[in-house]
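# 3D, please:
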Amino acid sequence: MDKLTLNYVWERIPVVLRRTGRGQRLRVRLPFAEANRQWLQNDRRTSPIWIAGKKYWELPKAWFNDFIERSLAEYGKVYVIQPYREQEKCSPACQNATGHECQCSCMGLYHGAGNDGSWLEVSDTFAARWGEQELACRLMTAR
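Predicted coordinates:
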């Protein structure tokens, strides 16, 4: 993303980083307004924390859905950055196959390759594994 586009996002569209680790809080960037603290707090007892050096707010994880709904109502858009892990699906029958015919959802990628221990075999017909945790970004818009 070039600097002009990034500055446009920072100045006009809220961004939330949803972190999932124990004790980690949401990180939120809002377009500047004097009343941002009050808007984020929304009459709750807990106050949002301003991280001045990084220029973002930290909020409790429990505020995520409310923050999204109110951001969509106020700004019409919000960027959500969140961790995800891609799931791969195959079957032990496919992984242990000896012929060339494959009708599995892996489309032959793991056909005859065996299980290297990274697959969770749920049944004789289904195995799954998850990739490394990565970050995904999506733009949510109000309807």
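# name the element Phe67 belongs to?
Using DSSP states H and E, Phe67 sits in helix 64-75.
# I'd like to know which elements the helix or strand following that helix is packed against.
Using DSSP H and E, the helix or strand that directly follows helix 64-75 along the chain is strand 77-84. Contacts defined by 3 or more C-beta pairs under 8 Å, 6 or more residues apart in numbering; DSSP states H and E place strand 77-84 against strand 15-17, helix 64-75, strand 134-141. No exception for glycine: its C-beta is placed from N, CA and C like everyone else's.
# so which of these is the most packed in?
Highest mean neighbour count among the helices and strands packed on strand 77-84 (mean count of other C-beta atoms under 10 Å): strand 15-17, with a mean of 21.
# and the following helix or strand past it, what does it pack against?
As assigned by DSSP H and E, the chain's next helix or strand after strand 15-17 is strand 26-29. If you count contacts as 3+ C-beta pairs under 8 Å, 6+ apart, strand 26-29 packs onto strand 15-17, strand 56-59, helix 64-75.
# next, format these as JSON lines and append mean pLDDT and distance to Glu34.
Below are the helices and strands packed on strand 26-29 laid out as JSON lines (pLDDT from 0 to 100; distance: least, C-beta to C-beta, whole Å):
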{"stretch": "strand 15-17", "mean pLDDT": "94", "distance to Glu34": "19"}
{"stretch": "strand 56-59", "mean pLDDT": "96", "distance to Glu34": "14"}
{"stretch": "helix 64-75", "mean pLDDT": "95", "distance to Glu34": "15"}
